[in-house]
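Novice: kindly generate the corresponding structure for this input.
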Amino acid sequence: MLKLSQQLYDAIRQHGEETYPHECCGVLLGRSTDSLQEVEAAIRAGNTRTDSAHNRYQIAPQELVRIQRMGRERGLDIVGFYHSHPDHPAQWSKTDFAEAHWLSCSYVITAVEKGVAQKTNSFFLAGSTEEDKSFQDEEITVSRFAAERC
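Specialist: So this is what the prediction gives:
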């Protein structure tokens, strides 16, 4: 299960609306247990895909390292990633799966239709290796506890 505040949930969806018709992307920082990813911060990242930003995203390695260090300084880990699907369903694609390498992390996708956020879904990347990884549907629980938006 993915747990986050209403503020973070709204911020993720707003990010998708702001970058439409391109995909937005970001990193989720928080704490993880066997059955719960508790998000405490959603960090916006730049989409470095210039060839196909309307249907692909990529976070620069340097930016990912910077965000990971920021999280560690706060006692947080990377527990997931988010991105938008402009004018496409909030369902992972073959490319999303092929480019997902952070096992035991959540991958949140928001469908943005004509500039307006619609459905938001989360998928947990299960498995212990690249060969046996799989996406599992993950419940999103939105609560009122305070969180940070960066």
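
Novice: tell me the contacts of the residue nearest in space to the middle of the chain?
Specialist: The residue lying closest to the centre of the chain (Cα atoms, centre = their mean) is residue 82, at 1.6 Å. Going by Cβ atoms under 8 Å, 6 or more residues apart in numbering, residue 82 touches 12, 15, 24, 25, 26, 27, 28, 42, 107, 108, 109, 110. For the C-beta atoms, the positions are set from N, CA and C on the backbone; glycine is no exception.

Novice: am I right that the fifth one sits in a strand?
Specialist: Yes: under DSSP: H, G, I helix; E, B strand; the rest coil, residue 26 sits within a strand.

Novice: distance from stretch 70-85 to the middle of the chain?
Specialist: 8 Å (Cα atoms, centre = their mean, to the nearest Å).

Novice: and the contacts of residue 82, which is closest to residue 5?
Specialist: The closest of the contacts of residue 82 to residue 5 turns out to be residue 42 (Cβ to Cβ; 9.4 Å).

Novice: from what I see, residue 26 and residue 81 are in contact.
Specialist: Yes: contact criterion Cβ atoms under 8 Å: residue 26 and residue 81 qualify, at 7.0 Å.

Novice: before we move on, the earlier item: nearest residue to the residue nearest to the centre of the chain in space, ignoring adjacent ones along the chain?
Specialist: Spatial nearest neighbour of residue 82, chain neighbours left out: residue 108 (3.9 Å); criterion: Cβ to Cβ, 6 or more residues apart in numbering.
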